[in-house]
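> dropping a prediction and its sequence here:
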Amino acid sequence: MAEPLLTLRGVKAWYGPSQALHGADFEVHEGEVVTLLGRNGAGKSTLLKTIMGMMGRREGSIRFKGDELIGLAPHHIGRLGVAFCPDDRGIYASLTVRENLRLPPVVAEGGMSEAELFALFPNLAERAKSAGTHLSGGEQQMLAIARILRTGARLLLLDEPTEGLAPVIVDRIGELIRQLKGRGYTIVLVEQNVHFAAELADRHCLMASGRITDTFDAATLMRNFDAITSRIGV
Ligand SMILES: Nc1ncnc2c1ncn2[C@@H]1O[C@H](COP(=O)(O)OP(=O)(O)OP(=O)(O)O)[C@@H](O)[C@H]1O
């Protein structure tokens, strides 16, 4: 098998004096959709933030396409083609949809144009001039994803994209992730909604106490759904 696109070995990270990752090992191959599942506080969001260089202190090794990311600043990691979509979506209330969309710098060729994005997200096209705060939760999530698709990043780190959204919007996001996979994007998805994750991902990694404790392929999760979901408390 080819080298993974992203490889974490013994990754540790701290919030001030408090350690949140305790030696996480994880890898993702190009074109894969992988979920991080686990109880609240297991370290899923922290793992994404650590990959993106957003944790003050981190140790271990994070290799992306041959580059070591530990020690690099977030903007530098972004320029290598990694993009992060935070769970609070990070939409600027005082900016319009179009301004929010144009905020992150383009880092590589092959990002989607505004016209392509507005075709993919017709709701955003209709609201191009509206302020970020006037969007529904679902529209804000779409905008947060659209924004990173413009940059040309090919590794997308999505933190709970379905959180707090109505079932019809959750379905739309699932469909979007499938389309992105079809276009060859690599996606790491933090998800509490295991039903949603189970239908989308190639692989599932369980986290507990700041480590990856198990990895399952999609078929194994489906076969052992009840046992696995009870382990992660959902
Ligand atoms: N800003 C912070 N300052 C200090 N500790 C934090 C901070 N954010 C998270 N933690 C701690 O780090 C650990 C991992 O949290 P993290 O948010 O990564 O968990 P998670 O698996 O994403 O769960 P959740 O779904 O609740 O976000 C927890 O013990 C949490 O209390």
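Nice, thanks for sending it over.

> for the chain, which residues are neighbours of the ligand?
Within the chain, the positions adjacent to the ligand are 15, 18, 20, 38, 40-46 by CB under 6 Å from any ligand atom. The C-beta positions use only the backbone N, C-alpha and C, and glycine is treated the same way.

> what pLDDT does residue 234 get?
Per-residue confidence (pLDDT) for residue 234: 64.

> apologies, that question was intended for residue 19.
Reading off the model, residue 19 has pLDDT 98.

> re the thing from before, narrow the residues of the chain next to the ligand to those in strands?
Residues of the residues of the chain next to the ligand located in strands (DSSP state E): 15, 18, 20.

> among the residues you listed, who's most crowded?
Within these, most neighbours by other CB atoms under 10 Å means residue 20, with 20 neighbours.

> turn the residues of the chain next to the ligand into TSV, including distance to residue 3.
As requested, the residues of the chain next to the ligand are exported to TSV (distance: CB to CB, whole Å):
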residue	distance to residue 3
15	31
18	34
20	28
38	26
40	33
41	32
42	27
43	25
44	24
45	27
46	25
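
> what about the chain, any weak spots by pLDDT?
The chain contains residues with pLDDT under 70 at 1, 234.

> what ranges do the strands span in it?
Taking DSSP E as the criterion, the chain carries its strands at 6-15, 18-28, 33-37, 57-64, 67-68, 82-85, 155-159, 186-190, 203-208, 211-217.

> looking at these, which is closest to residue 124?
Of all the strands of the chain, it is strand 82-85 that lies closest to residue 124, at 14.8 Å by CB to CB.

> gap between that closest one and the chain center?
6 Å (CA atoms, centre = their mean, to the nearest Å).

> farthest residue from the center of this structure?
Of all residues in the chain, residue 129 has its C-alpha farthest from the mean position, at 26.6 Å, by CA atoms, centre = their mean.

> residue 136 versus that residue, what's the distance?
Distance of residue 129 to residue 136, given as CB to CB, to the nearest Å: 16 Å.

> what's the lengthiest helix in the chain packed up against?
Among the elements of the chain assigned as helix by DSSP state H, the one spanning the most residues is helix 167-182. Counting contacts by 3 or more CB pairs under 8 Å, 6 or more residues apart in numbering; DSSP states H and E, helix 167-182 packs against helix 137-149, strand 186-190, helix 194-200.

> packing partners of the shortest one?
Right, strand 186-190. strand 33-37, helix 44-51, strand 155-159, helix 167-182.

> in CSV, list those along with distance to residue 116 and mean neighbour count.
Shown next, in CSV, are the helices and strands packed on strand 186-190 (distance: least, CB to CB, whole Å; neighbours: other CB atoms under 10 Å):
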stretch, distance to residue 116, mean neighbour count
strand 33-37, 21, 25
helix 44-51, 26, 25
strand 155-159, 16, 23
helix 167-182, 12, 15
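
> next, format these as CSV and append distance to residue 72.
Below are these laid out as CSV (distance: least, CB to CB, whole Å):
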stretch, distance to residue 72
strand 33-37, 21
helix 44-51, 11
strand 155-159, 14
helix 167-182, 25
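
> any idea which of these gets closest to residue 120?
For residue 120, the closest of the helices and strands packed on strand 186-190 is helix 167-182, at 7.6 Å, according to CB to CB.

> nothing else from me, thank you.
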